[in-house]
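Participant: Output the structure for:
(chains A and B)
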There are 2 protein chains.
Amino acid sequence: MASDKKWVYFFGKGIAEGKNQTKAILGGKGLGLAQMTSIGLPVPAGFTIITEACDYYYKNGKRWPGPLEAAVKKSMARLEKVTRKRFGDPKRPLFVSVRSGAALSMPGMMETILNLGLNDQVVEALGKLAGNRRFALDAYRRLIMMYGSTAMGVERHLFDHAFDEVKNRQTRTRLQKGPDASIADTDVNETELEVVVAEFKRIYQKHTGDPFPQDAYHQLKGAISAVFNSWMAKKAVDYRNAEKITGLKGTAVNIQEMVFGNMGDDCGTGVCFTRDPNTGENLYYGDMLFNAQGEDVVAGVRTPLKLDELNRIMPDVYDQLEAVRVILEVEYGEMQDLEFTIEQKDLFMLQCRTGKRSPAAAFEIAVDQASKPLITPARAKELIKKKLVSKATALKATKPLISREKAVSRIQAVDIERLFYPEIDWAATRDARNAPSLEAAKEAVWRESGLATGINAVPGAACGKVALTAEKAEVMAKAGEKVILVRKETSPEDVGGMHAAVGILTATGGKTSHAAVVARGWGKCCIVGCETLKINEAGKQFSVNGKTVREGDFVTLDGSADKRNVYQGSLRLIDRKPPAAYHTLMKWCDDIRRLKVRTNADTPADSVKAVEMGAEGIGLCRTEHMFFATEQRQLAMQEMIVADMEEARRHALDKLLPFQRDDFIGIFKAMNGKPVTIRLIDPPLHEFVPHTEDKMKELAQHAGLDLDHVRQRVHQLAEANPMLGHRGCRLCITYPEILEMQVRAIIEAAIECQKAGVKVFPEIMIPLTIDAKELGILVERTKAVADAILGEKRASLSYMVGTMIETPRAALTADRIAETAEFFSFGTNDLTQTTMALSRDDAGRFLPEYCDKDRTAIFAHDPFQSLDVEGVGQLVRMGIEKGRSTRPKLKVGICGEHGGEAQSVRFCHSVGMDYVSCSPYRVPIARLAAAQAVIESADTGKKTKSKAARKATRPAATKAKAKKKTAKRKK
Amino acid sequence: MASDKKWVYFFGKGIAEGKNQTKAILGGKGLGLAQMTSIGLPVPAGFTIITEACDYYYKNGKRWPGPLEAAVKKSMARLEKVTRKRFGDPKRPLFVSVRSGAALSMPGMMETILNLGLNDQVVEALGKLAGNRRFALDAYRRLIMMYGSTAMGVERHLFDHAFDEVKNRQTRTRLQKGPDASIADTDVNETELEVVVAEFKRIYQKHTGDPFPQDAYHQLKGAISAVFNSWMAKKAVDYRNAEKITGLKGTAVNIQEMVFGNMGDDCGTGVCFTRDPNTGENLYYGDMLFNAQGEDVVAGVRTPLKLDELNRIMPDVYDQLEAVRVILEVEYGEMQDLEFTIEQKDLFMLQCRTGKRSPAAAFEIAVDQASKPLITPARAKELIKKKLVSKATALKATKPLISREKAVSRIQAVDIERLFYPEIDWAATRDARNAPSLEAAKEAVWRESGLATGINAVPGAACGKVALTAEKAEVMAKAGEKVILVRKETSPEDVGGMHAAVGILTATGGKTSHAAVVARGWGKCCIVGCETLKINEAGKQFSVNGKTVREGDFVTLDGSADKRNVYQGSLRLIDRKPPAAYHTLMKWCDDIRRLKVRTNADTPADSVKAVEMGAEGIGLCRTEHMFFATEQRQLAMQEMIVADMEEARRHALDKLLPFQRDDFIGIFKAMNGKPVTIRLIDPPLHEFVPHTEDKMKELAQHAGLDLDHVRQRVHQLAEANPMLGHRGCRLCITYPEILEMQVRAIIEAAIECQKAGVKVFPEIMIPLTIDAKELGILVERTKAVADAILGEKRASLSYMVGTMIETPRAALTADRIAETAEFFSFGTNDLTQTTMALSRDDAGRFLPEYCDKDRTAIFAHDPFQSLDVEGVGQLVRMGIEKGRSTRPKLKVGICGEHGGEAQSVRFCHSVGMDYVSCSPYRVPIARLAAAQAVIESADTGKKTKSKAARKATRPAATKAKAKKKTAKRKK
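Facilitator: Numbers count the residues shown, from 1 in each chain, chains lettered A, B, ... in the order given. Alright, predicted model coming up:
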């Protein structure tokens, strides 16, 4: 039980009890301190109270675990022994800091108390030791304030106010400064600080009822509890929610001997990175201040110096610090973020952790570490000579530090995204506003011009003038304006306007709504489900949260933020370009992965873009988008739909045939040599017909029909649940002539391309299959049409006919469906909708509550973004196993939105798919995730095979079953 | 191969080669002849060509199987030997008939050719033998006509016309009849028939190019091919499509010695039933004619005589026929439909088959056969004495002929339906119009006043005046009118008007649309999906197929017909009442079945009705219907929905609480002692809000809200796919206060009822669950509310909390869901919709093509009517197995529409459900099907256990798994 547990891990003098523990136990800071200690770096001694103590604290009415106090006392004794100082003893006083540190970094969200061990007596001793009484008084003043406010809950502003009083009255008078001149803390002198200390002690007593504790242990216990308490402080809880941090036990507490960087000019403090976190360049990058404490560097009170300055003033210390860089990069194989303090020319390391970096730097560092040495042999020799690093470490530093697999593992999907999408230039805003931090700058801009929060369907940012209709957007774009299209929701009719816009904002829909899916294909910033938006199309304006925006006004969309997505006015954007290292790393991914990566592309232009992004084929070419490309096509399509008789339908289809054939020719050419999966018409016909009286009139005239007839037909086509309605292959069951036209267009295009020397591999895909017999009928029709054309033209062509698996029934009966389907493509968007009875267009109303960590938290991820492995995944797995039980070599892919989401791609790998397909901009993410999946499964011992051995991917059981079935058939 | 096959089965002289074959091989007629022969009845000898020959014929370009001709010749030789006559020989001529006969009866749809063996020579011989040359000529005339038209394709009317010429010129002149007097065939004399024969031969030769074949074998081969050909004749194909007959190989062909009932006054023919087919009474029921052929009785040319007449004139023959009745009922244990011919006082049996009967007779006969003897011991003695039946047969006839199980197996769901629903009185129509048959009467009425065909969602018939709005329907009903409510579709708002109407007609929707489900609950005739209907509400009329009907005009709905469902004007209806035998038989069902049968009922009145129909509890009480019962409730509900804040919602809910509590009290009282499953609110809120400007205004006033706010809220609630939207338990996740109110109403009602001595077993059911965690949250809330009330009131109550399984994900994760759910109820309506991606409101557009046998024929049944075992069934099975793996005693039922469909109920039995639940009027069907399921599984050897052993129902594997899991948990 609690009494057996080791609650405290000591570090110091080369001993580091916690070096083999984890961040989950010691927190990030605690583990870093232990590890730095263990590899011989100069770390002030101390000990870490494990995170579980914090957990215990909250589970037991804010009481410490029983044995903790004794353990702390014992560790303090050990610390006194190691430091040869005594806590609270004026003779050789030991001072400690008490710092928080959870498993994941939560910068600035929890408390730190410094200078513990000071009291009325010790403060004087410290003054003498440091030869600087002002310094000692300042330290005491800080302790009283920090302890008072964080441990005892005295309001911070009371202390600030008192300090300001002294500054304003006494210091100003003494320095003879006018009422508007600024007075720094450092202007306050020793005498005045005496007054401040006395006043702080008075405030403390007034508000706590007790005098400021003179007993050092009393202070220490209060400080430790204060750190525990800060774990559940509002700002910390909010931060964890915002960052989606869950599953932590609490914060660890680090008690460490104080070192002072502010004791004089031979002291200093700094923060640095082992590489440039912006560019990734292999150089030491950091800021420091002489005679200062760490918080002074971070707070930016004084302008910090570059590290070169240290090299100039204290070259030995600099060399030592340089050695630390080498030692740490060799140890961790990762760029580190360090904090150091120099106390009277002695270097102390206070923190090391993996450093944050820009997306470009992420690639640069990973590739550099995996392909180049950290230092030159000459520099290595030098460091060895100075005895700053061991020979072994130096040797390692002259070779690549990590493997390519490690480099690949380290990159995150978001790093890739941020390489390709523009972002709001917050740094410029911060600088322009002189804001203390990016966060502060964002906060200020939001207060001034924030409009609304929606769902960030496509990342990036966009800034332009509002258009409220697709037509208007096109007109404005033609006039050279940047346009943001704002709609309640979008439909295929809006595609022209969407294409003309630089960004899209809708009031409804989720991450896989029409707007989102289309915009994603173009890598265009898109905010959907902005429910507070009230659009008044007639009035040419929209209102949101009490503000009104007129058509033509500027708005800025931020698709890279979880919240705060829509701003009034125009914010500056920055465009990024992928660095060379990106291409190197992606090449490594391609070497490692087994899954092929295809793209969803509907036009020749998309196809070219996708190949550029690394696509190895098209996994989903939606033929219906082609019908909206021009008014002429649209009218022909509509004419077909409103026709009553097959003959009239065929007549209209004949008009569409050449358009569609030309599109396919363009796509085949762009994908020369790569497979192209073409899905036959999928959406319900109602999506294609005009919905305004004017447009219906136009159509009636065009088609030579009665307006009443058109109106009625349009009305008839409306469905209660179009998602589950007359769509997908059902259209081809009722109107076989549509299938015939589409197949004809595909086959004729393929023949023409072949003649021109283009290699074509068309895969004709039938959507929304629910039954083997249904599919059988359509496959037969498809082949009949295709083979008739091939016969006619005396051409030969290898093409495949397969199906989407996007309904539960298709997955459940996949064994029978695979009798006729030559390939499966999992349409996980629709499969998620049907499996979960969840309309992606409507789920915005309640799904956030299902995914919000802070509330009911039913799902860990939005199932439309990351595949629901527990539910939908079962059907996918079942579909593949059943399908391959009938047709062992069945080609299987995925073409839902999930095909470009890292976690889902890993799942696709694990169930033995052949490829994933996603929008062009997600292709690199899929390539990365596919490589990571191989690396991970190798790591977990489930060694996944090389490309050559890929046929062995399926579980043995399935293979055996498949064999059996095949054997049976042969009989 | 074909040469080894036995293509022909002989019967005659007590030998019946085919007696142990099946109808599939010999056809119904062929098997009947073989079996009658084998039990010693007087059957003219002959042989049957098996159905496979017909199959071969069509698969091989209309060629006979190679060995068939030889087999026919051999059989004819055998027949000649047995009959001591020779085919085509004038000396002792043998005549044969060639008749069709498939495995299922297709009355009048295929061909028969009689009198084969006649030619110019033999006809004279026959005349002499019969002492009646006219008879012989008439037979020859018939042969030429039948052979010419059926075997050689000479148009029938050419023969008719020639015959009419003779009748009109010669006979009329001879008989001196005026031009308007009718002349019967029998008026034509010998000389005139000579002319007719000559003329027929001339026509034959003119149109075939050959003279009428004088070779008997030539005739025979032609006749056999003619029967094969008639299998694919248009009328036969149409009939099979209409009757949904599939899977037959073709028709068998029966070649049999001719016997002549028209040779003179000592001859005759008749058709009879071994019981009264209208009432089921145990008496000989039939018609006969002396000196006539079978077709004369059927065609109704002369008024037939009752069998008593035969008893009077030929008592010996009658006794013989009476013995046949006893022998056949003992043999078959079923009421038989017989054809007999008397040739010169010799009785011959030509056909026996199970007789068609009225629904009341079906029950009467089944119960009588299973509980009473066919004849008295006295009559038995008499028959033995006359040596007409064996002792063994007589003994059997004095005891019940069949078991109760057999009686139960024999009843069909449609028999029950027809007992309870009114029908159009077609017999009266036939009589009033002097139509030759029911079919002809129907045809004539349809031509005159047929309006449209829709989907017959609820059987029965209804006749009333058209109302186009629910309000109007209520007003008209209050004024005492019978009303037919005609709507595009119905919504919960229309429920009042639907209740007031006697029948409902909608333009859209399928068998499980809102209109259908609600109407079914009330057993009210309902036609949906009548897509041709164009309603003009403002103009107070609708038009359909070119006809216009005004509000207030009469229409008649026929829900018992597959087509022709809507008539203009008023047709006479007949009401049926279940006979005593119905109650007896249902009692037997209850003794046999393992499945419990509950009902779907939402009101006290429905509950009372359901108990009357035999319901053993409520399986689905939909709470939302209660919100529409009065305007007051409706407004309170709407107020709740449009409220912005939780507080306002709670305020509105407080108003609903007493209503809902009172409803539950009424239901609990009606179901005293029986379990009541109450489903929490399910439909999307949009269904509840007003959709007209006027009603929105009213609501705004009532709720003290801005009209704009109400409008916006209504607009906001509209969903793209409401079926997959914000509904079911999602409402209780976002608005927990709704759940709280409903649970409170249930628990308070239960407590109050208990106090009044009523036994209550509430089962609270949470709809549309997709996740275990989601359900966990709601179950916890439910129990918290319930237990708080029980604590407050110091009451104790045993209640359960469970869930619907109506999404694929719920079935897939049922093991985890069963951790909190105490029962499962499969909502197979929604489960079908999601599994098949099929909206029941929209599927009307294409589903008929999926189920239409004549076309693509993808599904054998409409999956909304009969559970899709292959797809949805997999999920149901998986859900049960997984659920019980966690909670072995999990109670499982079904409450979709399938719970009242016989085939689906059998499936529910087979997967080990505990109960089915269906609308009150379907309760008896479910009781029957549940009993039949037990009987069937016992028959197939999978002996299903008695009620006592019901826990052992699940497959052993599941049980083992469940045990293992339980064991694990105990650790």
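Participant: quick one: contacts of the helix or strand that contains residue A:498?
Facilitator: Here residue A:498, judged by DSSP states H and E, is contained in helix A:495-500. Here helix A:495-500 makes contact (C-beta atoms under 8 Å, 6 or more residues apart in numbering or on different chains) with A:467, A:469-474, A:476-478, A:483, A:485, A:490, A:504, A:515, A:518-519, A:522, A:524, A:625, A:628. Using the backbone N, CA and C atoms, a C-beta is placed for each residue, glycine as well.
Participant: Need the phi and psi values for residue A:566.
Facilitator: When read as degrees, to the nearest 10, the backbone of residue A:566 gives phi -130, psi 130.
Participant: Can you give me the distance of it to chain B?
Facilitator: According to C-beta to the nearest C-beta, to the nearest Å, residue A:566 and chain B sit 19 Å apart.
Participant: tally of neighbours for that residue?
Facilitator: Using other C-beta atoms under 10 Å in any protein chain shown, residue A:566 has 25 neighbouring residues.
Participant: returning to what we had before: in helices only, show me the contacts of helix A:495-500.
Facilitator: A:470, A:471, A:472, A:473, A:474, A:476, A:477, A:478, A:515, A:518, A:519, A:522 (DSSP state H).
Participant: picking up where we left off before, and chain B, which of the contacts of helix A:495-500 reach it?
Facilitator: Near chain B, judged by C-beta under 8 Å from any C-beta of the partner chain, there are no entries from the contacts of helix A:495-500.
Participant: Low-confidence stretches in the stretch 1-150 of chain A?
Facilitator: Along the stretch 1-150 of chain A, segments meeting pLDDT under 70 span A:1-3.
Participant: Would you map the strands across it?
Facilitator: A:8-12, A:15-16, A:46-49, A:86-87, A:93-94, A:96-101, A:112-116 (DSSP state E, counting those that start in this stretch).
Participant: For chain B, find the nearest of these.
Facilitator: In terms of C-beta to the nearest C-beta, the element of the strands of the stretch 1-150 of chain A nearest to chain B is strand A:96-101, at 31.1 Å.
Participant: For that closest one, C-alpha coordinates in PDB please.
Facilitator: C-alpha atoms of strand A:96-101 as PDB (Å, rounded to 0.1, in the frame of the first residue of the first chain):
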ATOM      1  CA  VAL A  96      15.300  25.400  -2.400                       C
ATOM      2  CA  SER A  97      12.900  26.000  -5.200                       C
ATOM      3  CA  VAL A  98       9.700  24.000  -5.400                       C
ATOM      4  CA  ARG A  99       8.500  23.500  -9.000                       C
ATOM      5  CA  SER A 100       5.700  21.700 -10.600                       C
ATOM      6  CA  GLY A 101       6.200  19.400 -13.600                       C
END
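Participant: can you count the residues close to the nearest residue to residue A:687 once chain neighbours are set aside?
Facilitator: Once flanking residues are discounted, residue A:687 sits nearest to residue A:492: 5.3 Å by C-beta to C-beta, 6 or more residues apart in numbering or on different chains. Neighbour count for residue A:492, taken as other C-beta under 10 Å: 19.
Participant: ok, now residue A:662?
Facilitator: When neighbours are counted by other C-beta under 10 Å, residue A:662 registers 15.
Participant: Near the residue of the stretch 351-500 of chain A found nearest chain B, how many other residues are there?
Facilitator: Relative to chain B, the nearest point of the stretch 351-500 of chain A is residue A:489 (7.9 Å; C-beta to the nearest C-beta). As a burial measure, residue A:489 scores 16 neighbours (other C-beta under 10 Å).
Participant: Leaving out chain neighbours, which residue sits closest to the most centrally placed residue in chain A?
Facilitator: Centrality entry for chain A: nearest residue to the mean C-alpha point is residue A:414, 4.2 Å, by C-alpha atoms, centre = their mean. Nearest residue to residue A:414 in three dimensions, chain neighbours excluded: residue A:359, at 7.8 Å (C-beta to C-beta, 6+ apart).
Participant: ok, the one you found - contacts?
Facilitator: Residue A:359 sits in contact with A:414, A:415, A:416, A:418, A:419, A:576, where contact means C-beta under 8 Å, 6+ apart.
Participant: mind putting the residues you listed in a markdown table, pLDDT and secondary structure included?
Facilitator: A markdown table is the format used below for the contacts of residue A:359 (pLDDT from 0 to 100; DSSP: H, G, I helix; E, B strand; the rest coil):
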| residue | pLDDT | secondary structure |
| --- | --- | --- |
| A:414 | 85 | helix |
| A:415 | 89 | helix |
| A:416 | 91 | helix |
| A:418 | 82 | helix |
| A:419 | 87 | helix |
| A:576 | 76 | coil |
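Participant: In those, which residue is surrounded by the most others?
Facilitator: residue A:416 (28 neighbours).
Participant: hang on, that one packs against residue A:924?
Facilitator: Yes. Checked against C-beta atoms under 8 Å, the pair residue A:416 and residue A:924 is within contact range at 4.9 Å.
Participant: Find residues that contact each of those two.
Facilitator: residue A:582.
Participant: Which residue ranges of the stretch 351-500 of chain A form helices?
Facilitator: With helices called from DSSP state H, counting those that start in this stretch, the stretch 351-500 of chain A shows them at A:359-371, A:377-385, A:391-397, A:404-410, A:413-420, A:426-433, A:438-449, A:470-478, A:495-500.
Participant: swap in the stretch 201-350 of chain A?
Facilitator: A:216-230, A:234-242, A:294-299, A:307-313, A:315-332.
Participant: Give me whichever of the ones you listed is most buried.
Facilitator: Mean neighbours per residue, mean count of other C-beta atoms under 10 Å in any protein chain shown, is largest over the helices of the stretch 201-350 of chain A for helix A:216-230, with a mean of 21.
Participant: Show me what that one is packed against.
Facilitator: helix A:51-59, helix A:68-83, strand A:86-87, strand A:96-101, strand A:112-116, strand A:252-257 (3 or more C-beta pairs under 8 Å, 6 or more residues apart in numbering or on different chains; DSSP states H and E).
Participant: Any idea which of these gets closest to chain B?
Facilitator: Nearest to chain B, of all the helices and strands packed on helix A:216-230, is helix A:51-59, at 20.4 Å by C-beta to the nearest C-beta.
Participant: Give me the distance between that closest one and the centre of its chain.
Facilitator: With C-alpha atoms, centre = their mean, to the nearest Å as the basis, helix A:51-59 stands 30 Å off its chain's centre.
Participant: Buried residues of it, list them for me.
Facilitator: For helix A:51-59, burial by neighbour count (16 or more other C-beta atoms under 10 Å in any protein chain shown) applies to A:51, A:52, A:53, A:54, A:55, A:56, A:57.
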